[in-house]
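> please work out how this folds:
(2 chains)
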2 protein chains.
Amino acid sequence: MKLKARYVLTLNENFDIIENGEIIFEDKILKIGKNLPECENTIDLGDHSVLMPALINTHTHLEFSSNKTSLEYGDFIVWLNSVIENREELFVSCKGECFKKAIEEMKKSGVCAFGEISSTGDDLRYLKYSPLKVVYFNEIIGTNPGAVDMLYQDFLARLEESKKYQNEKFKIGISIHSPYSVHPILMDKVINIAKTHDYPIQAHFMESKAERRWLDEGEGEFKLFFEKHFKNAKPLIKPIEFIEKFKNTNTTFIHCVYAKDEELEKISEIDGKIAHCPVSNRLLNVGLLDLEKVKNNKIKYSVATDGLSSNYSLNLFKEIRAALLMHTTLHPKYLAKDLLKSVTINAAKALDLNNGSLEKGKDADIIAFKLPSEVKNLDNLPLQIILHTNEVDKMYINGEEII
Amino acid sequence: MKLKARYVLTLNENFDIIENGEIIFEDKILKIGKNLPECENTIDLGDHSVLMPALINTHTHLEFSSNKTSLEYGDFIVWLNSVIENREELFVSCKGECFKKAIEEMKKSGVCAFGEISSTGDDLRYLKYSPLKVVYFNEIIGTNPGAVDMLYQDFLARLEESKKYQNEKFKIGISIHSPYSVHPILMDKVINIAKTHDYPIQAHFMESKAERRWLDEGEGEFKLFFEKHFKNAKPLIKPIEFIEKFKNTNTTFIHCVYAKDEELEKISEIDGKIAHCPVSNRLLNVGLLDLEKVKNNKIKYSVATDGLSSNYSLNLFKEIRAALLMHTTLHPKYLAKDLLKSVTINAAKALDLNNGSLEKGKDADIIAFKLPSEVKNLDNLPLQIILHTNEVDKMYINGEEII
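Numbers count the residues shown, from 1 in each chain, chains lettered A, B, ... in the order given. Predicted coordinates for the structure are as follows:
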């Protein structure tokens, strides 16, 4: 079929914007440009309409979607304790409807695919037939050397179970919770699996000052935390060694707010990615990722919502609008352009998906919506899109109309 | 009548929150507390319900409400030029429906009163019967000494016209556009009128680096701007003298992003207020007001949306949520409390209104809405309110049900 729109954002390497552009697609994109051949099934989206690649939310924890006002915000460790305290209750109260609602919110905001961190595997039943594409990151967590085997067996069982559902819209990934919460033996084992099967990896990294202090000095709030919960009071790996373990994989490091320059350099060196969750970081009061440093290190970043455990919304347009407002030292016009990339082409690369830009051969994952009025100078288009868009009018996934 | 709610935020001096609280009111608040006398007309707002003073948006420019994507964001002077270029067109295209829609958006977000800057007086016809309370700031602007008399006469005519509509819901104020755009002779004249009639005053102050440089050195982007538009290339007043002129008035200084320490001290000394418009400041890329300094100087600040000339929304709950996210160095829990004050009691004081808190004798300007779930620790209530509230379920103005 063919779609025509006033503004077509390709998100290709040149960030080409085609005015009065057209796109022809089946399950893949066949042609994109102006004045394309006629097509029986053509929709002209009309005045002020925008076509662009559907969005991708690289990092979520849908298991926590039942949280509204239960968890304590304002401090990372206070929040973490409240997560541990409320975890079972939140998990139990998030069943079918709760997952459905979470996915629905993403869908309305134009999200065609998301990266889901699964800590238990219990979410598999709700996600295996998701209308959106899922990259299902089986997560490993645990530092107790005596439990390593058991944890690994549990992980393998979850991984095998999830592999049964692999298809065009359901892919497998691996998550290593963080450098402070996973035993290095486990890290190596699961990273090897990822290498063997080319699974993308995600790992939380340097989310809080407490993590920084713990890994650098074995001191601070995390010391008390570990003594209280796990009787384990020694950091098991240096941050830079942690990053090095992911060489020759496709790994996204989540947060990185407290990453040092040499760590960002190392992430860049191994071609690692970063996922930036600005609202989550703000609610846990850990500060703001230095995006300028990330860019200067030529690291591709995605913006993601994180879970409803540390956000009030999974709407990805609202998340990038928040990012636009929060990074007050960056020029809004140019940041807007980067933010659109962060939730499309960059995110696709992080999740190993064949979408994120409107180019021939890519999956036909496309959204359409309208701006309230004309944008004369195309330079302003990304910013105006981010300011005015909350939900999309249409979404196609693999060429199929989903909205 | 009587309202009962799970959480009643009084916004009184102690920031008292009454659990399972009640309020009895006619046009004024009669009683507030727990287990009040029975009342024939009683509504129990139910689980997770919140009662609090209706919000007040101290600073808007509704004349510009037709702007969606016309004005250029990202740079103050570029924006100002685009305002000058598009001003007539925007004014002409904002008539009855446009004002109505703007007011409707504020109303839905629980705004009972707003401060409107009127540059032409043409908006009077649309605002004189507003369902919300209006403080109508007749604005003076102009630096050309030859035009001072004419401008003053025009101002007086607008002022007299607006005075005809004064009533319980329509009050008069005076606006001096800014230290760089008004001749000191005009400043003195209109400030005297404000003193005589006890009108509140608003003045833009130190919104941009360009303004800072112009007033300090007579140089920079504003020099080019003045030479281009007004052939007037000398700043006419020092910032500190400007502030001093407002001694013994109730003046709110809008923006103050580039105010120096001694200027904030001076504002504090004359008991001046500040209106903070974070989204507007961000879109014009002028940076972020240092709220910590404002607080350290004991200056009461309100948060306001500014006009749709530099915002995508007039929803005041969304504006304070943006503020909460943007001030990444301030603790979200305590900032949330301040932000609720900023749009209620602080805003009421800035506009000389008898509302902004739920206390006996105050106007019965009240909003009600529901949180998605229980908040166990009342310390977290302000933050959770700001994260989860977009629109209100009920609003009373002078005791009359408006929503």
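> find me the pLDDT at A:Phe230, would you?
For A:Phe230, the model assigns a pLDDT of 70.
> contact partners for it?
Neighbour list for A:Phe230: A:143-144 [criterion: C-beta atoms under 8 Å, 6 or more residues apart in numbering or on different chains]. Placement of C-beta: from N, CA and C, glycine included.
> kindly recompute the last result at 10 Å.
Contact analysis of A:Phe230 by C-beta atoms under 10 Å, 6 or more residues apart in numbering or on different chains lists A:142-144, A:181.
> can you redo those residues as a markdown table with distance to chain B and neighbour count?
Output for the contacts of A:Phe230, formatted as a markdown table (distance: C-beta to the nearest C-beta, whole Å; neighbours: other C-beta atoms under 10 Å in any protein chain shown):
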| residue | distance to chain B | neighbour count |
| --- | --- | --- |
| A:Gly142 | 30 | 18 |
| A:Thr143 | 30 | 20 |
| A:Asn144 | 31 | 12 |
| A:Ser181 | 25 | 20 |
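> strands of the stretch 51-200 of chain A, residue ranges please.
Secondary structure of the stretch 51-200 of chain A (DSSP state E, counting those that start in this stretch): strands at A:55-60, A:111-118, A:133-140, A:170-176.
> let me know which of the ones you listed is tucked in deepest.
Mean neighbours per residue, mean count of other C-beta atoms under 10 Å in any protein chain shown, is largest over these for strand A:55-60, with a mean of 30.
> how far out from the middle of the chain is it?
Offset of strand A:55-60 from its chain centre (C-alpha atoms, centre = their mean, to the nearest Å): 3 Å.
> which bits of the stretch 201-350 of chain A sit near chain B?
A:278-279, A:281-288, A:311-313, A:318, A:321-336 (C-beta under 10 Å from any C-beta of the partner chain).
> the residues you listed in helices, which ones?
Of those, the ones assigned to helices by DSSP state H are A:278-279, A:281-283, A:318, A:321-326, A:332-336.
> give me the buried entries from those residues.
A:278-279, A:281-283, A:318, A:321-326, A:332-333, A:335-336 (16 or more other C-beta atoms under 10 Å in any protein chain shown).
> and A:Glu22, helix, strand or coil?
strand (DSSP: H, G, I helix; E, B strand; the rest coil).
> run through the neighbouring helices and strands of the helix or strand bottoming out on mean pLDDT in chain A.
Scoring the helices and strands of chain A by mean pLDDT, DSSP states H and E places helix A:221-229 at the bottom, with a mean of 88. If contacts are counted by 3 or more C-beta pairs under 10 Å, 6 or more residues apart in numbering or on different chains; DSSP states H and E, helix A:221-229 sits against helix A:76-92, helix A:209-217.
> most packed of those helices?
Among those, ranked by average contacts under mean count of other C-beta under 10 Å, first place goes to helix A:209-217 (a mean of 19).
> what is it packed up against?
Using 3+ C-beta pairs under 10 Å, 6+ apart: helix A:209-217 touches helix A:76-92, strand A:201-205, helix A:221-229, helix A:239-244.
> so what's A:Phe64 up against?
A:70-71, A:83, A:86-87, A:90-91, A:94, A:98, A:102, A:117, A:119, A:306-311.
> now with 8 Å, please.
So A:Phe64 contacts A:83, A:90-91, A:94, A:307-309 (C-beta under 8 Å, 6+ apart).
> I'd like the mean pLDDT over the helix or strand harbouring A:Ile29, please.
Using DSSP states H and E, A:Ile29 falls within strand A:29-33. The pLDDT scores in strand A:29-33 average 98.
> identify the residues contacting that strand?
Under the criterion C-beta under 8 Å, 6+ apart, residues A:8, A:10, A:18, A:21-24, A:37, A:358-364 lie in contact with strand A:29-33.
> now A:Tyr136: how far from A:Gly173?
Distance, A:Tyr136 to A:Gly173, by C-beta to C-beta, to the nearest Å: 6 Å.
> same check, this time on A:Thr305
17 Å.
> low pLDDT regions in chain A?
By pLDDT under 70, the weakly predicted segments of chain A are A:232.
> for the contacts of strand A:29-33, which one is nearest chain B?
Nearest to chain B among the contacts of strand A:29-33, counting by C-beta to the nearest C-beta, is A:Val8 at 17.1 Å.
> distance from the chain centre to the host helix or strand of that closest one, please.
Element membership for A:Val8, per DSSP H and E: strand A:2-9. Relative to its parent chain, strand A:2-9 has a centroid offset of 26 Å by C-alpha atoms, centre = their mean.
> tell me which other helices or strands that strand touches.
Applying 3 or more C-beta pairs under 8 Å, 6 or more residues apart in numbering or on different chains; DSSP states H and E, one finds that strand A:2-9 contacts strand A:17-25, strand A:42-44, strand A:49-53, strand A:366-370, helix A:381-388.
> got the angle between that strand and strand A:366-370?
With axes from the mean of the first three to the mean of the last three C-alpha atoms, to 10 degrees applied, the angle from strand A:2-9 to strand A:366-370 works out at 80 degrees.
> can you list the strands that strand A:2-9 pairs with?
strand A:17-25 (antiparallel), strand A:42-44 (parallel), strand A:49-53 (parallel) (DSSP bridges).
> deepest of those, which one?
Neighbour counts (mean count of other C-beta under 10 Å) averaged over each of the strands paired with strand A:2-9 peak at strand A:49-53, with a mean of 25.
> C-alpha coordinates for it, CSV please?
Below are the C-alpha coordinates for strand A:49-53, written out as CSV (Å, rounded to 0.1, in the frame of the first residue of the first chain):
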residue,chain,number,x,y,z
SER,A,49,0.5,15.1,8.6
VAL,A,50,3.7,13.4,9.6
LEU,A,51,5.0,9.9,8.7
MET,A,52,8.0,8.6,10.5
PRO,A,53,9.4,5.2,11.8
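> what sits opposite A:Lys171 in the beta ladder?
Legend: beta-bridge partners of A:Lys171 under DSSP bridges are A:Val135.
> list the contacts for A:Leu45?
Counted by C-beta under 8 Å, 6+ apart, A:Leu45 has contacts A:3-6, A:51, A:368, A:370, A:393-394.
> now with 10 Å, please.
A:3-8, A:51, A:368-370, A:393-394.
> try A:Asn297
Taking C-beta under 10 Å, 6+ apart, one finds A:259, A:261, A:263-269, A:272, A:274 in contact with A:Asn297.
> name the nearest of those relative to chain B.
Distances from chain B to these, taken by C-beta to the nearest C-beta, are shortest for A:Ala259, at 16.6 Å.
> how close does A:Glu105 get to A:Ser313?
Taking C-beta to C-beta as the measure, A:Glu105 falls 7 Å from A:Ser313.
> actually A:Lys245, not the one I typed
In terms of C-beta to C-beta, A:Lys245 sits 34 Å off from A:Ser313.
> please apply the same query to A:Tyr129.
24 Å.
> and A:Glu19, by the same measure?
32 Å.
> and if you look at A:Pro37?
Distance from A:Pro37 to A:Ser313, by C-beta to C-beta: 41 Å.
> next: A:Arg321.
Relative to A:Ser313, A:Arg321 is positioned 11 Å away (C-beta to C-beta).
> got the contact list for A:Glu401?
A:1, A:366, A:394-395.
> which residues does it bridge with?
The partner list for A:Glu401 in beta bridges (DSSP bridges) reads A:Tyr396.
> how close does the closest residue to A:Ile403 other than its chain neighbours sit to A:Leu381?
With C-beta to C-beta, 6 or more residues apart in numbering or on different chains as the criterion, A:Ile403 has its nearest non-adjacent residue at 4.2 Å, and that residue is A:Met395. Counting by C-beta to C-beta, the gap from A:Met395 to A:Leu381 is 20 Å.
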